[in-house]
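Student: got a predicted structure plus its sequence, pasted below:
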Amino acid sequence: MNETDLTSVGDEVETGQLDEDDRLKPEFVRAVLDAVEAGDDEAARSLVEPLHPADIADLFELTPNERRGDLAKAITDLLDGDVFAEMNDYVREDLIDSLSATQVADIASELDTDDAVAIIEDMEEDDQRAVLRALDPDDRAAIEEALSYPEESAGRLMQRELIAVPEHWTVGDAIDYLRGHEELTTDFWEIFVVDPGHKPVGTCQLSWILRTPRTVSIGDVMKREQTLIPVDMDQEEVALRFQKYALISAAVIDAGGRLVGMITVDDIVHIISEEAGEDILRLSGAGEGDINEPIALTVRTRITWLVVNLGTAMLAASVVGLFQGEIAKFALLAVLMPIVSGMGGNAGTQTLAVVVRALATNQLTSSNTARMILREFRIAAANGAMLGILIGMGTWLIFGNSDLAIVIAMAMVMNNLVAGLSGVLIPVSLERAGVDPAVSSAVFVTMMTDVMGFFCFLGLASLWGLGG
């Protein structure tokens, strides 16, 4: 956000549109919607006009679905590309559906290629073709090329608007070029230096150009070491490279090594936030977790994993059924066995969260997997021993049965070891099998801790003769 944007936000706070956390106040949203409902479009526009594009996007997200169309009609002249670029995906799709192909094309033409692609890529195929036909040839060619790359790849994420100059130019040549061509992009932090085959050979920050005499060659001032992003690289891997090497922008290259675009850090901030939230929600089986997601899609996503969980719960119940005779003779087993499985599930979830994060950030690789397994085994053993002592003492004090106390303490230790090993081995195995560990691991870890928790506790109780 530049200085003008910060000033705008400050003005919004002072005029009462935003609260202290930079969120639109409920009374402001009501005032806008009341003006729209009353047919006073001029009043609605006057209220919304001072807002930053991101806050206008928030306004639409806070507006009920059935009233967004009316709001859009009332403030049509304020709905530019910057607003759509900031908008939630589902909300944007609803509004895009209500616009003509020409209107969508006008919005897309105002945006950088990556933002335009984000608007167009989720449209129906027929609508997509209509929008592309309405674009001018240069914009259409750039967007069609971007759409040819896999989803969530660098090719979809990159923007084509960049500055590239040859190595033999001087700093003065570069400055004259930047000043003499009004059609060049205005948002960039560094200049890419290319060879005659348009392959990047280095980068030159704007600060270096501004502080270097005009007669110095670009080749003498540029930095030759650079991080190049293959056009088909997954966006999560791109984000990791930006994080690892503290990048502001990076060149994107095609299969032949030619410069085809660049990715900037503002796009990466969005990706990091998106991927982090996505992994957490996948662990719970909640899908995308977007409150603007259609209810039918949310139900379909959640019920899939709830059915899988139902199957694993029935498997755990079948293990309990093997020991129904012991439970019938010694009812305290039924009272205490959920503690063993529940604590194992909690321990497994802790390990799983750490491992999935380590896999996502490339901290856990094939070179240190064995060390990670040993580490979590030691942690599980220590936690299991402490929990076993506590539950054993508590059981003895409450129920006065030393045999039962020993059995539940041993079961607690064993199930914690199972939880620790499952929390590492399951996501690592899924990741090596090409399956996203954030999606499936939780179900299998829970199944292991439930089944083994019941089996260890009831099996030991049977061997110990508690049900006799």
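Tutor: Structure's in. What do you need? Numbers count the residues shown, from 1 in each chain.
Student: could you break this structure into its assigned domains?
Tutor: 3-157, 164-266, 295-464 (automatic domain parsing).
Student: so how far does the second one reach from one end to the other?
Tutor: From its first residue to its last, domain 164-266 covers 20 Å (CA to CA, to the nearest Å).
Student: if we can go back for a sec, distance to residue 272 and mean neighbour count for the domains of the chain - can I get that in a markdown table?
Tutor: The way it works is simple: take the backbone N, C-alpha and C, and place the C-beta from them, glycine included. Listed next are these as a markdown table, based on distance: least, CB to CB, whole Å; neighbours: other CB atoms under 10 Å:
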| stretch | distance to residue 272 | mean neighbour count |
| --- | --- | --- |
| domain 3-157 | 12 | 17 |
| domain 164-266 | 5 | 16 |
| domain 295-464 | 10 | 18 |
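Student: can you tell me which of these has the worst average pLDDT?
Tutor: Note on the domains of the chain: domain 3-157 shows the lowest mean pLDDT, a mean of 83.
Student: what's stretch 21-32 in contact with?
Tutor: 9, 13, 16-19, 44, 47-48, 55, 58-59, 62-63, 71 (CB atoms under 8 Å, 6 or more residues apart in numbering).
Student: swap that for stretch 309-328, please
Tutor: Contacts for stretch 309-328 (CB under 8 Å, 6+ apart): 285, 333-334, 337, 341, 443-444, 446-447, 450-451, 454-455, 458-459, 461-462, 466-467.
Student: check the secondary structure at the closest residue to residue 195 other than its chain neighbours for me.
Tutor: Of all residues not flanking residue 195 in the chain, residue 201 sits nearest, at 5.2 Å (CB to CB, 6 or more residues apart in numbering). For residue 201, the assignment made with DSSP: H, G, I helix; E, B strand; the rest coil gives strand.
Student: my guess is residue 201 contacts residue 194, does it?
Tutor: Yes: using CB atoms under 8 Å, residue 201 is in contact with residue 194, at 6.5 Å.
Student: overlap of the contact sets of the two?
Tutor: Common neighbours of residue 201 and residue 194 (CB under 8 Å, 6+ apart) are residue 167.
Student: picking that back up, Serialize the domains of the chain to CSV and add fields for distance to residue 273.
Tutor: Formatted as CSV, the domains of the chain follow (distance: least, CB to CB, whole Å):
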stretch, distance to residue 273
domain 3-157, 13
domain 164-266, 10
domain 295-464, 13
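Student: narrow the contacts of stretch 21-32 to those in helices?
Tutor: Counting by DSSP state H, the part of these found in helices is 9, 13, 44, 47, 48, 55, 58, 59, 62, 71.
Student: nearest to residue 213, of these?
Tutor: The shortest approach to residue 213 among the ones in helices among the contacts of stretch 21-32 belongs to residue 9, at 39.4 Å (CB to CB).
Student: can you pull the contacts of residue 457?
Tutor: With contact set as CB under 8 Å, 6+ apart, residue 457 has these partners: 333, 336, 337, 340, 341, 407, 408, 411, 415.
Student: in terms of helix, strand or coil, where does it fall?
Tutor: helix.
Student: quick check: the gap between it and residue 418.
Tutor: 12 Å (CB to CB, to the nearest Å).
Student: could you do residue 456 as well?
Tutor: Residue 456 is 8 Å from residue 418, by CB to CB.
Student: just the closest of the contacts of stretch 21-32 to residue 232, please.
Tutor: Using CB to CB, residue 58 comes nearest to residue 232 of the contacts of stretch 21-32, at 34.0 Å.
Student: list the contacts of that closest one.
Tutor: Applying CB under 8 Å, 6+ apart, the residues contacting residue 58 are 23, 24.
Student: again, 6 Å this time
Tutor: Going by CB atoms under 6 Å, 6 or more residues apart in numbering, residue 58 touches residue 24.
Student: ditto for the one 5 residues further on
Tutor: Counting by CB under 6 Å, 6+ apart, residue 63 touches residue 71.
Student: what helix or strand does the closest residue to residue 447 other than its chain neighbours sit in?
Tutor: The shortest distance from residue 447 to any non-neighbouring residue, by CB to CB, 6+ apart, is to residue 312 (3.9 Å). Using DSSP states H and E, the element containing residue 312 is helix 295-321.
Student: that helix: what's the following helix or strand?
Tutor: Heading C-terminal from helix 295-321 (DSSP H and E), you reach helix 324-329.
Student: chain center to that following helix: distance?
Tutor: 48 Å (CA atoms, centre = their mean, to the nearest Å).
Student: CA-only coordinates of that helix in CSV, if you can.
Tutor: This file holds the C-alpha atoms of helix 324-329, laid out as CSV (Å, rounded to 0.1, in the frame of the first residue of the first chain):
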residue,chain,number,x,y,z
GLN,A,324,-17.8,-56.6,25.3
GLY,A,325,-17.6,-59.5,27.7
GLU,A,326,-14.9,-57.8,29.7
ILE,A,327,-16.8,-54.5,29.7
ALA,A,328,-20.0,-56.2,30.8
LYS,A,329,-18.1,-57.7,33.8
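Student: and the next element down the chain from that helix?
Tutor: Counting by DSSP H and E, what follows helix 324-329 is helix 332-360.
Student: in this protein, which spans are strands?
Tutor: 164-166, 190-194, 200-205, 228-230, 249-253, 259-264 (DSSP state E).
Student: and the third one with strand 190-194, angle?
Tutor: Here strand 200-205 runs at 160 degrees with respect to strand 190-194, directions being taken by axes from the mean of the first three to the mean of the last three CA atoms, to 10 degrees.
Student: now strand 200-205 against strand 259-264, angle please.
Tutor: Orientation check (the same axes, to 10 degrees): strand 200-205 against strand 259-264 gives 40 degrees.
Student: and the angle for strand 200-205 with strand 249-253?
Tutor: 160 degrees.
Student: distance between strand 200-205 and the chain's centre?
Tutor: The answer for strand 200-205 is 30 Å, by CA atoms, centre = their mean.
Student: what helices or strands is that strand leaning on?
Tutor: Using 3 or more CB pairs under 6 Å, 6 or more residues apart in numbering; DSSP states H and E, the elements in contact with strand 200-205 are strand 190-194.
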